[in-house]
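Chemist: sequence first, predicted coordinates after that:
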Amino acid sequence: MTVAYRAEYIWIDGTKPIPLMRSKTKVLADGAKPGTWGFDGSSTNQAPGHNSDCVLEPSFTCPDPLRGPKDVLVLCEVRLPGTNEPHATNTRAACVVTANKYKSFEPLFGIEQEYTFFKEGRPLGFPVNGYPAPQGPYYCGVGADEVFGRDIVEAHTTACMDAGLAISGTNAEVMPGQWEFQIGPVGTVEVADHLWMGRYLLYRIAEDFGVNASIIAKPMRGDWNGAGAHTNFSTKQMRANGGWDHIIAACEALGAPGKPAEHIEAYGVGTEDRLTGAHETAHWSTFKYGVSDRGASVRIPWQCAIDKKGYIEDRRPNANMDPYVVTRLITNTVCEAASVAKAAKPQAKAGAKK
Ligand code: ADP
Ligand code: MN
Ligand code: MN
Ligand code: MN
């Protein structure tokens with residue numbers, strides 16, 4: 001019986017253009033809680049060598065499904081020593097501010113994380129020379145000629161469930177070796193915490209199989225699908241009976257002057273390669289929304305069009321997007337517009353008879 005346990009401290013580094021995840025282990029005495037810790041920011045593109053200390057502040061802790069029953073995973077915010085200000089690479093702090101500002105809207109997010117397994121420099125399932133048969137049978141496929149890496153996916157799903165993450169499903173994707181897992185629906189900050197933790201577990205488990213899981217947006221040039229992170233979103237008003245007007249208002253808010261460019265800019269790296277208009281998304285330079293339209297920027301699912309309530313799907317975010325940035329922006333854009341619209345409407349007098 002050990003009288004200690006392990007906390008794996010995990011953070012997001014400063015590598016450009018796509019940050020990497022880092023982690024290190026702290027052994028703690030039984031009963032001791034994981035407190036703040038530090039690391040050498042000069043080795044993670046987060047600080048100069050002459051002033052290298054960065055602070056790890058625990059923000060989301062869950063059971064570690066890969067170690068013993070007492071061990072935990074600790075996702076951290078990176079902060080500056082002394083002032084405790086958020087580090088420039090810390091996007092969670094601003095996400096928390098926005099989530100608190102608009103918490104009365106009770107926003108919910110579901111994120112579909114697409115990714116691609118790579119082994120020996122090519123996607124899992126691609127032959128040494130040339131290409132596999134064209135896309136068609138791989139999406140949600142079954143059988144050894146269509147599906148590559150299911151054992152890793154199954155281990156990852158089990159780990160996410162054991163960690164208590166809000167994983168809601170998985171599927172094989174359109175390109176061989178490409179997969180998806182979904183997190184949600186949960187709140188603005190929670191979905192991002194769980195998604196980052198889900199990514200960490202994916203990298204960590206694929207490592208045991210000698211495979212690299214990549215969130216690059218366009219893994220293969222040519223007629224092969226890109227990898228996205230469709231972001232599904234709703235507010236209390238959109239989910240309630242008669243939510244349709246709020247659904248349309250949310251789409252309009254995302255399409256308001258200046259907003260498409262502001263969002264696209266913050267939706268990850270590889271937009272021009274992935275949002276070509278050819279593979280199940282609108283061209284990155286146009287904004288359109290529509291019911292059931294997988295060629296739109298924002299899709300209203302058919303069930304929501306029938307129910308006249310529900311959620312919308314922003315199809316633009318790339319697989320490598322930062323969920324703290326994306327959920328902050330969507331929450332801010334939609335809830336700010338709804339607040340303005342509400343203030344402009346004549347209201348029933350406060351204190352009026354119920
Ligand atoms: P797709 O048909 O686009 O592949 P998925 O089933 O992969 O859809 O993902 C749909 C996502 O939408 C899930 O992550 C789910 O949690 C999320 N979702 C469902 N209802 C809501 C809602 N009311 N608000 C936000 N997200 C939702
Ligand atoms: Mn999906
Ligand atoms: Mn998908
Ligand atoms: Mn989708």
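Modeler: Perfect, I can see it now. Ligands and ions are numbered 1, 2, ... in the order given.

Chemist: which SSE is the closest residue to ligand 4 within the stretch 1-150 of the chain in?
Modeler: Relative to ligand 4, the nearest point of the stretch 1-150 of the chain is Glu112 (4.9 Å; C-beta to the ion). No exception for glycine: its C-beta is placed from N, CA and C like everyone else's. Glu112 is part of strand 108-119, with elements assigned from DSSP states H and E.

Chemist: ok, the residue of the stretch 1-150 of the chain closest to ligand 4 touching Gly228?
Modeler: Yes. Under the criterion of C-beta atoms under 8 Å, Glu112 makes contact with Gly228 at 7.3 Å.

Chemist: give me the more crowded residue out of these two.
Modeler: Gly228 (29 against 23; other C-beta atoms under 10 Å).

Chemist: which strand residues bridge the more buried one?
Modeler: According to DSSP bridges, the residues that bridge with Gly228 are Asn318.

Chemist: what does the stretch 51-200 of the chain put close to ligand 4?
Modeler: Glu112 (C-beta under 5 Å from the ion).

Chemist: flag every residue of the stretch 51-200 of the chain that's near ligand 1.
Modeler: When proximity is defined by C-beta under 6 Å from any ligand atom, the stretch 51-200 of the chain lies next to ligand 1 at 108-110, 112, 168-169, 182, 184-185.

Chemist: and these, which two are furthest apart?
Modeler: Greatest spatial distance among those (C-beta to C-beta): Leu108 and Gly169, at 15.8 Å.

Chemist: before we move on, the earlier item: quick one, which of the residues of the stretch 51-200 of the chain next to ligand 1 are buried?
Modeler: With neighbours counted by 16 or more other C-beta atoms under 10 Å, these contain buried members at 108-110, 112, 182, 184-185.

Chemist: for ligand 1, what's its nearest residue on the chain.
Modeler: Using C-beta to the nearest ligand atom, Gly110 is the residue of the chain that sits closest to ligand 1, at 2.3 Å.

Chemist: quick one: residues contacting the closest residue to that residue other than its chain neighbours.
Modeler: Nearest residue to Gly110, sequence neighbours excluded (C-beta to C-beta, 6 or more residues apart in numbering): Gly184, at 3.1 Å. Listed by C-beta atoms under 8 Å, 6 or more residues apart in numbering, the contact set of Gly184 reads 108-111, 166, 168, 191, 194, 232.

Chemist: dihedrals phi and psi, Glu106?
Modeler: Dihedral pair for Glu106: phi 50, psi 60, per degrees, to the nearest 10.

Chemist: thinking again about what came up before, any idea how far Gly68 is from the residue of the stretch 1-150 of the chain closest to ligand 4?
Modeler: According to C-beta to C-beta, to the nearest Å, Glu112 and Gly68 sit 32 Å apart.

Chemist: pick out the residue of the stretch 101-250 of the chain closest to ligand 4.
Modeler: Ligand 4 sits closest to His230 of the stretch 101-250 of the chain, with a gap of 3.6 Å, by C-beta to the ion.

Chemist: please enumerate the helices of the stretch 101-250 of the chain.
Modeler: Taking DSSP state H, counting those that start in this stretch as the test, the helices found in the stretch 101-250 of the chain are 150-163, 188-208, 236-239, 244-255.

Chemist: buried residues in the first one?
Modeler: Across helix 150-163, burial judged by 16+ other C-beta under 10 Å covers 152-153, 155-157, 159-160, 163.

Chemist: ok, so of these, who is nearest Gly255?
Modeler: Of the buried residues of helix 150-163, the one sitting nearest to Gly255 (C-beta to C-beta) turns out to be Cys160, at 33.8 Å.

Chemist: so that closest one sits against Gly169, correct?
Modeler: No. With contacts counted by C-beta under 8 Å, Cys160 stays clear of Gly169, the gap being 10.7 Å.

Chemist: okay, the residue of the stretch 101-250 of the chain closest to ligand 4: pLDDT?
Modeler: pLDDT, His230: 97.

Chemist: hmm, Ile312 and it touching each other?
Modeler: No. Taking contacts as C-beta under 8 Å, His230 lies outside contact range of Ile312: 10.4 Å.

Chemist: about what we covered before: which residue, other than its chain neighbours, is closest to the residue of the stretch 1-150 of the chain closest to ligand 4?
Modeler: Nearest non-adjacent residue to Glu112, counting by C-beta to C-beta, 6+ apart: His230, 4.3 Å away.

Chemist: neighbours around the one you found, how many?
Modeler: Residues near His230, counting by other C-beta under 10 Å, number 22.

Chemist: for it, give me its contacts.
Modeler: His230 is in contact with 111-112, 313-315, 317, counting by C-beta under 8 Å, 6+ apart.
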